[in-house]
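In: pasting a predicted model and its sequence here:
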Amino acid sequence: MRFADKLITIRKSRGLSQQDLCRLSGLSRRALAYYESGERLPSHRSTIDALSRALRVDSTELMDENCDFLCKAEETYGEDGKREAARLISQIRSLYAGGSLSSRDMDEMMLAIQDAYWIAKKRLNNAPEASQSEND
């Protein structure tokens, strides 16, 4: 299930309005609206933790593969890694638009692409740096 769907389902099952959840989590109404519409994902683990505390659920129950991917990219490669990961998710979503893949196939494809991302990043970080004379 997508993060947006999980967030809405859990919020409603707790009998909370969007305003209630904003107050409890410290998020702005605009941020929550982005998350619930699926337009954006939380890119910081602290946001997911705040929502989880407010909803009284474990953060793993709320997260989906994409949230986890963004958080891990930021933890491992910093802000640049997070931006690259977010761009990849956005590009993949646009590939899915109007497609005929089943939801399960889309999820499997997303996970495969995320795995490829981690392999590529690891290879890039382990590659020897070009010497200064090569760059001149």
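Out: It's in.
In: report the secondary structure state of the closest residue to residue 96 other than its chain neighbours.
Out: Distances taken as C-beta to C-beta, 6 or more residues apart in numbering place residue 106 nearest to residue 96, at 5.6 Å, with adjacent residues excluded. From N, CA and C alone the C-beta is placed, and that goes for glycine too. Three-state assignment for residue 106 (DSSP: H, G, I helix; E, B strand; the rest coil): helix.
In: measure residue 106 to residue 31 for me?
Out: According to C-beta to C-beta, to the nearest Å, residue 106 and residue 31 sit 25 Å apart.
In: let me see the contact set for the residue positioned nearest the centre of the chain.
Out: Within the chain, one residue has its C-alpha closest to the average C-alpha position: by C-alpha atoms, centre = their mean, that is residue 67, at 2.5 Å. Listed by C-beta atoms under 8 Å, 6 or more residues apart in numbering, the contact partners of residue 67 are 3, 41, 42, 48.
In: pick the one among the residues you listed closest to residue 57.
Out: Distance to residue 57, by C-beta to C-beta, is smallest for residue 48 among those, at 10.5 Å.
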